[in-house]
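Chemist: Pasted the sequence and its predicted model underneath.
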Amino acid sequence: MALDQESLVTKEQTIFNHIGNKIILSDREIDIIARLEEPLILVLDNVLSDEECDELIQLSKDKMQRSKIGASREVNNIRTSSGMFFDESENPLVQKIEMRTSEIMGIPTDHAEGLQILNYLPDQEYRAHHDYFVPTSKAAKNNRISTLVMYLNDVEEGGETYFPKLKFSVTPKKGMAVYFEYFYTNQELNDLTLHGGAPVVKGEKWVATQWMRKQRIR
Ligand SMILES: O=C(O)CCC(=O)C(=O)O
Ligand SMILES: [Fe+2]
C-alpha cells in the first residue's frame, strides 16, 4: 500500500490510553463526555470537586499578577488574563491534584509542570496558540506533550476553549476539563491542536492548566 493511503487507515499512537467512557482512579471516577480521535481531544467531567475548585481559586487569588508569557516573560497581548503557577507539590491540595492529573494523562508526576491558574475578566482572552515550544527554543529540548485545562467555575457568557483549525469549542463548566495531546509523529496533527481561550463576555473565568513534559523535570 502506498504511504499516503496507509496514513489514511492507520491511527497514530496516543498517550492517553484509558478504555471506555470512564476513567477509574483510586479516589474518583471521571466521565469521558466527548472525544475527537485525531488529534485526540477529550471533554472530561467530574475531574475536580466543587470544593477543590473553590479552594484552588482561594489559594491563588492572593498571588495573582498580570500573566507573563514567552521567553522574555513580558506582559503582552496574546494573553490578557492574570495568572500564577503553584510550585510543584506546593500544598496538599496541589499535590493531590498532581497525582490525579498524572493518572488521567498517563504520565508520571515528575514530568508535570507546576499547576498554572488563570483568571479572565470580561474582554480578557488567550489568543490562539500551541502549548508546545518551537523547535528552535531552549525549552523544546524537553518539550510539552499534553495539556489538561480544568475549569474552576461556570462562566456566564463566553470564555470557551476553542480549536480554530478543528472548528471545535468547549464551554467552561465547573469541575470539567478538556484534554489534548500533541506528541504525534505527524506534525500536522500537532499543529491542529492550536487553541485559545475566547474572550469572557459576562462573569469571570478561572482555569487550572496542567502541562506534561516528554522527560522528567523534577
Ligand atoms: O483558558 C482556556 O480556555 C485555555 C487555556 C490555555 O490554553 C492554556 O492555559 O494554555
Ligand atoms: Fe494553551
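Modeler: Right, received. Where do you want to start? Ligands and ions are numbered 1, 2, ... in the order given.

Chemist: what sits against the residue in the chain positioned nearest to ligand 1?
Modeler: Nearest to ligand 1, among the residues of the chain, is residue 197, at 3.0 Å (CB to the nearest ligand atom). Where C-beta positions appear, they are placed from N, C-alpha and C, glycine not excepted. For residue 197, the contacting residues are 81, 118, 120, 125, 126, 159, 160, 161, 162, 205, 207, by CB atoms under 8 Å, 6 or more residues apart in numbering.

Chemist: what separates it from residue 180, distance-wise?
Modeler: Residue 197 is 14 Å from residue 180, where distance means CB to CB, to the nearest Å.

Chemist: Ok, residue 118 next?
Modeler: Taken as CB to CB, the span from residue 118 to residue 180 is 17 Å.

Chemist: Can you spell out which helices and strands pack onto the helix ranked longest in the chain?
Modeler: The longest helix of the chain (DSSP state H) is helix 92-105. Applying 3 or more CB pairs under 8 Å, 6 or more residues apart in numbering; DSSP states H and E, one finds that helix 92-105 makes contact with helix 50-61, strand 144-151, strand 205-213.

Chemist: now the ones you listed in a markdown table, with mean pLDDT?
Modeler: Putting the helices and strands packed on helix 92-105 into a markdown table (pLDDT from 0 to 100) gives the following:
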| stretch | mean pLDDT |
| --- | --- |
| helix 50-61 | 96 |
| strand 144-151 | 98 |
| strand 205-213 | 98 |
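
Chemist: would TSV of those with distance to residue 89 be doable?
Modeler: Listed next are the helices and strands packed on helix 92-105 as TSV, based on distance: least, CB to CB, whole Å:
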stretch	distance to residue 89
helix 50-61	13
strand 144-151	17
strand 205-213	13
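
Chemist: now the ones you listed in JSON lines, with mean neighbour count and distance to residue 168?
Modeler: Formatted as JSON lines, these follow (neighbours: other CB atoms under 10 Å; distance: least, CB to CB, whole Å):
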{"stretch": "helix 50-61", "mean neighbour count": "16", "distance to residue 168": "24"}
{"stretch": "strand 144-151", "mean neighbour count": "24", "distance to residue 168": "14"}
{"stretch": "strand 205-213", "mean neighbour count": "23", "distance to residue 168": "17"}
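
Chemist: Among the ones you listed, which comes closest to residue 15?
Modeler: When the helices and strands packed on helix 92-105 are compared by CB to CB, strand 144-151 sits nearest residue 15, at 5.6 Å.

Chemist: moving C-terminal of the lowest-mean-pLDDT helix or strand in the chain, what's the next helix or strand?
Modeler: None of the helices or strands of the chain scores lower by mean pLDDT, DSSP states H and E than strand 65-66, at a mean of 56. Tracing the chain C-terminally past strand 65-66 and defining elements by DSSP states H and E, one meets strand 82-85 next.

Chemist: List the neighbouring strands of that next one plus their orientation.
Modeler: Strand 82-85 has its sheet partners listed here by DSSP bridges as strand 65-66 (antiparallel), strand 116-120 (antiparallel).

Chemist: Return the most buried member of those.
Modeler: Neighbour counts (mean count of other CB atoms under 10 Å) averaged over each of these peak at strand 116-120, with a mean of 22.

Chemist: mean confidence score for that strand?
Modeler: Averaged across strand 116-120, pLDDT comes to 96.

Chemist: so that strand versus strand 205-213, what angle?
Modeler: 150 degrees (axes from the mean of the first three to the mean of the last three CA atoms, to 10 degrees).
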